[in-house]
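Enquirer: Build me a model:
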Amino acid sequence: MIVKRFVMPMLLKQAVSRMPSYPGSLCFVCAANLALKDHVTDEMSAMLTGKLLRLSVTDMGLDFNFLWTSGGFVAGWHTDAPDLVISATAHDFMLLATRREDPDTLFFNRRLLMEGDTELGVLLKNALDALELDIPALVRSTPGRALAALFGKR
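Expert: Reported below is the predicted structural model:
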């Protein structure tokens with residue numbers, strides 16, 4: 001299946017890249033906690049506890065900083081070096097979220113980058129793959145449709 005690549009308009013990139021990371025991180029952790037709250041195993045929780053993670057949306061110049069606590073993901077201003085940074089374009093993150101693209105394929109094509117504790121990244125990827133989440137249904141939800149419209153998927 002050929003997927004048309006979305007290119008972030010420069011004006012949008014410039015506007016978004018000037019935003020502080022905390023509000024976006026807070027929105028991200030709210031969504032992640034809602035999606036994952038009943039699915040995180042004790043093993044996954046132990047693996048993530050206290051780990052500082054960052055998702056970097058490269059074409060938007062935007063970072064989402066968060067860590068896992070016993071109560072779920074918590075957003076942060078974190079200026080410390082994260083334990084793991086996962087970087088990709090907004091389009092590639094959307095492909096991952098909708099499971100239209102495999103993380104291994106994006107990684108080996110250098111469209112998905114991991115820096116820092118790559119063992120943690122692999123464990124996290126495998127744990128998320130093992131979850132029986134209906135990600136496409138979550139993306140089709142009202143907030144998900146708004147994001148999909150923003151990134152060109154109707």
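Enquirer: From now on I want contacts and neighbour counts done on CA atoms only, so please keep to that.
Expert: Noted.
Enquirer: Quick check: which ranges of the protein have low pLDDT?
Expert: Within the chain, the stretches with pLDDT under 70 are 1-20, 78-79, 131-154.
Enquirer: Check which helices and strands the helix or strand hosting Asp92 is in contact with.
Expert: For Asp92, the element it lies in under DSSP states H and E is helix 90-97. Judged by 3 or more Cα pairs under 8 Å, 6 or more residues apart in numbering; DSSP states H and E, helix 90-97 is in contact with helix 135-140.
Enquirer: how about the helix ranked longest in the chain: buried residues?
Expert: What stands out as the longest helix in the chain, according to DSSP state H, is helix 21-36. In terms of neighbour count (16 or more other Cα atoms under 10 Å), helix 21-36 has its buried residues at 21-22, 24-26, 28-29, 33.
Enquirer: In CSV: those, plus distance to Glu101.
Expert: Output for the buried residues of helix 21-36, formatted as CSV (distance: Cα to Cα, whole Å):
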residue, distance to Glu101
Ser21, 26
Tyr22, 28
Gly24, 24
Ser25, 24
Leu26, 26
Phe28, 21
Val29, 22
Asn33, 23
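Enquirer: Closest to the centroid, which residue in the chain?
Expert: In the chain, the centroid-proximal residue (Cα atoms, centre = their mean) is Leu55; its distance is 5.4 Å.
Enquirer: angle of the longest strand anywhere in the chain against helix 21-36?
Expert: When the chain is parsed with DSSP state E, its longest strand is strand 62-69. For strand 62-69 against helix 21-36, the angle by axes from the mean of the first three to the mean of the last three Cα atoms, to 10 degrees is 50 degrees.
Enquirer: list the buried ones in strand 62-69?
Expert: 62-68.
Enquirer: ditto for stretch 91-110
Expert: Neighbour-count burial for stretch 91-110, counted by 16+ other Cα under 10 Å, picks out 91-98, 101, 103, 106.
Enquirer: Render the CA-only coordinates of it in CSV, please.
Expert: This file holds the C-alpha atoms of stretch 91-110, laid out as CSV (Å, rounded to 0.1, in the frame of the first residue of the first chain):
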residue,chain,number,x,y,z
HIS,A,91,3.1,11.7,9.5
ASP,A,92,5.2,8.7,10.6
PHE,A,93,3.9,8.9,14.2
MET,A,94,0.3,9.0,12.7
LEU,A,95,1.2,5.9,10.6
LEU,A,96,2.4,4.2,13.7
ALA,A,97,-0.6,5.2,15.8
THR,A,98,-3.0,3.8,13.2
ARG,A,99,-0.9,0.7,12.7
ARG,A,100,-0.6,1.4,9.0
GLU,A,101,3.2,1.2,9.3
ASP,A,102,5.4,-1.1,11.4
PRO,A,103,7.9,0.5,13.8
ASP,A,104,10.6,-1.8,12.7
THR,A,105,10.2,-0.8,9.0
LEU,A,106,10.3,2.9,9.9
PHE,A,107,13.4,2.3,12.2
PHE,A,108,15.3,0.4,9.5
ASN,A,109,14.4,3.0,6.9
ARG,A,110,15.8,5.6,9.4
